[in-house]
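# quick one: sequence and predicted model below, then my questions.
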Amino acid sequence: MSIAIRLESLGKRYRLGNIGTGTLSSDLNRTWARLRGKPDPFSKIDESPEKTEQDRQAVWALRDFSLDVTQGTILGIVGRNGAGKSTLLKMLSRITAPTTGQICVRGRIASLLEVGTGFHPELTGLENIYLNGAILGMSRQEITSRLDEIIEFSGCEKFIQTPVKRYSSGMTVRLGFAVAAYLECEILVVDEVLAVGDMEFQRKCIGRMRDVAQSGRTVLFVSHNMGSIETLCSDAIRIDHGRLTDQGSPTEVVHRYLDAEADDTQKKLSSQTSRHIKSVRLLNAHGESRDRFLVDDTIVFEAELASDLPLDDPRFGFVISKRGVGRIATLHTDVQYNARWSLSGTTRASATWHDVPLNVGQYTVDASLWRHDHELETLLGCGQFEIEMRDVYGTGSLPDAQYQGHLVPDASWTIENREST
Ligand SMILES: Nc1ncnc2c1ncn2[C@@H]1O[C@H](COP(=O)(O)OP(=O)(O)OP(=O)(O)O)[C@@H](O)[C@H]1O
C-alpha cells in the first residue's frame, strides 16, 4: 500500500500573548523595561533564567512528530484535552502552518473541523457547497454531479437556499460532513464531529467514513468517544503533550490510553497530602479503574480512609458536580448507610451508584469526612470523570444535555388514542 500522508519531525509552536499585570502603571513599567532591554520586573521568580523570552511566551502544541499513514487507513487519534490533536488536523488541512518539519500529502484533503469552519455564514447552503468544491479544485459540473447526494445526506434540502448563519449547529455539522465526505478528495479529516448530532446522524457518518475508506481513500478521525474509535478505525495513534506516544490497533491503543489516564488520576491523588482521605478511585462494574463511562453505566466511588486514632461515628461522602453547572448529586453515609461504623487504621469506603442517569459531560468528585458537626477533611476535585453518550432508549434519539437537562431519566411512555364520540 502506498503512503498517503508522511509527517517528518513536525512541530507547531504557538506564541502566547503577554498577560497584563493588573494595573496600568505596572503594565507601563513592564513595557518601559522591555523597551530598554531590561528583564521583566513582574516576572515570576520560578521562571528559569536560562529560558529565553521567546520560550517563555510560546507553547509547543506539537513537537517532533513523525508518522506515515498508508492509503485506505482509517486512523483514529486519541489524547486528552490540549494534547495537540486539533493542531495536527489543522496543519494537515493547511489552516495553520507548521513551525518545523514537513508534511507530504498525496491527494486532496477535505476536512471537517470545528462546527462551521469552511462555511461562509452569509452564503446559502447551496452556495457554500459550490464554494467548498471550488476550494478543492473541482469544476462546477463535477460539484453539480455530487449535489443530490450531499443535500440528501445533510437532510437540509428545505433550507439549502437559506444563509448558513441561520442554521442550527446540528444542521451546520450535517451539511459540513456531507460536503467533506462527498466532494472529490483522497483524504478525509474529521475532528470530533460525532460529539454533535444525534445517534442516527452518527450512524450515517460512521457508515460514510467506512465507504470512503473502502474506496481506497484515507480517513483521519479525532474523537473522545473511545467506542467509535474502536468500531470505526483500522489503526490508532495517541498524542500526549504534543508527541506521538502510541501506535497500534485501535483496541490496544484505546486500552493503554484508558489505563494510563486512570493511573495518572491515581498519581495526582497520591501526591496530595491528606491526613485521612488517602485516595479516591472510580471503578466500573467489573472493579476496573476508569475515568470515562457511558450514560447508564454503574460507577463505584471508592475511598481509602485512614486514622491513627480510632474514630467513632464518622460521616463520609462524595459530592458529584458537573463542570459549569454545579452540584448534581451526593453519595453520603448519612443518608445511604444505615449502620454504625468507625474508622481505625485503614478503611475502604465505597459507594456504588447503579445505572448512573447523568447526561454527557465532565464531572468532578469532592470527598469529605466529618465527625458530628466537625469537618475533618475535604478534598475538592479529587476525582473526575466523563460521561459519554449511549443510545439508552434504543430509539436512536439522544437527549442533548444543553437542551434537555443533565439527567437521562429511566422513563417509558404510553400513548393511547381514545375514540372521539
Ligand atoms: N491558537 C492558539 N494559540 C495558542 N495556543 C494554542 C492555540 N491553539 C492551540 N493551542 C494550544 O496548543 C495545545 C494543543 O491544543 P489542541 O487544540 O491541538 O489540543 P487537542 O488535543 O485538540 O485538545 P481538545 O481535545 O481539547 O480539542 C494546547 O496547549 C492549546 O492550549
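Nice, thanks for sending it over. Quick caveat, the model's predicted, so the values are computed rather than measured. Residues are numbered from 1 along each chain as shown.
# please make it C-alpha for all contacts and neighbour counts, starting now.
OK.
# got the contact list for stretch 207-215?
With contacts defined as CA atoms under 8 Å, 6 or more residues apart in numbering, stretch 207-215 is touched by G72, T73, I74, A181, T218, V219, L232.
# go through it and flag the buried ones.
Neighbour-count burial for stretch 207-215 flags R208, M209, R210, V212, A213 (criterion: 16 or more other CA atoms under 10 Å).
# in strands only, show me these.
Nothing among the buried residues of stretch 207-215 maps onto strands, per DSSP state E.
# switch those residues over to CSV; also include pLDDT and distance to the ligand.
Compiled in CSV, the buried residues of stretch 207-215 are given as follows (pLDDT from 0 to 100; distance: CA to the nearest ligand atom, whole Å):
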residue, pLDDT, distance to the ligand
R208, 84, 23
M209, 83, 20
R210, 84, 23
V212, 84, 23
A213, 82, 23
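# what's the most distant pair in the residues you listed?
Greatest spacing in those, by CA to CA: R208 and A213 (8.7 Å).
# quick one: buried ones out of the contacts of stretch 207-215?
Among the contacts of stretch 207-215, those buried by neighbour count (16+ other CA under 10 Å) are G72, T73, I74, A181, T218, V219, L232.
# list the contacts for the fifth one?
For T218, the contacting residues are A4, T70, Q71, G72, T73, I74, L75, E186, I187, L188, V212, by CA under 8 Å, 6+ apart.
# and of the residues you listed, the nearest to N128?
Nearest to N128 out of the contacts of T218 is L188 (CA to CA; 18.0 Å).
# hmm, that closest one is touching L220, no?
Yes: L188 is within contact range of L220, at 6.3 Å (criterion: CA atoms under 8 Å).
# return the subset of the buried ones among the contacts of stretch 207-215 lying in strands.
Using DSSP E, I74, T218, V219 are the members of the buried ones among the contacts of stretch 207-215 that sit in strands.
# which residue packs closest to D240, ignoring adjacent ones?
A83 (5.1 Å; CA to CA, 6 or more residues apart in numbering).
# break the chain down into its domains, please.
According to automatic domain parsing, the chain comprises the domains 3-7+63-255, 18-56, 274-404.
# please identify the most buried of the ones you listed.
Among those, domain 3-7+63-255 has the highest mean neighbour count (mean count of other CA atoms under 10 Å), at a mean of 19.
# skipping its backbone neighbours, what lies nearest the residue of the stretch 251-400 of the chain found nearest the ligand in space?
Relative to the ligand, the nearest point of the stretch 251-400 of the chain is Q362 (12.3 Å; CA to the nearest ligand atom). Nearest residue to Q362 in three dimensions, chain neighbours excluded: E386, at 4.5 Å (CA to CA, 6+ apart).
# which helix or strand contains that neighbour?
Element membership of E386, judged by DSSP states H and E, is strand 374-388.
# give the other helices and strands that that strand contacts.
Contact partners of strand 374-388 among helices and strands, from 3 or more CA pairs under 8 Å, 6 or more residues apart in numbering; DSSP states H and E: strand 277-283, strand 292-294, strand 361-371.
# now with 7 Å?
Packed against strand 374-388 by the contact rule (3 or more CA pairs under 7 Å, 6 or more residues apart in numbering; DSSP states H and E) you find strand 292-294, strand 361-371.
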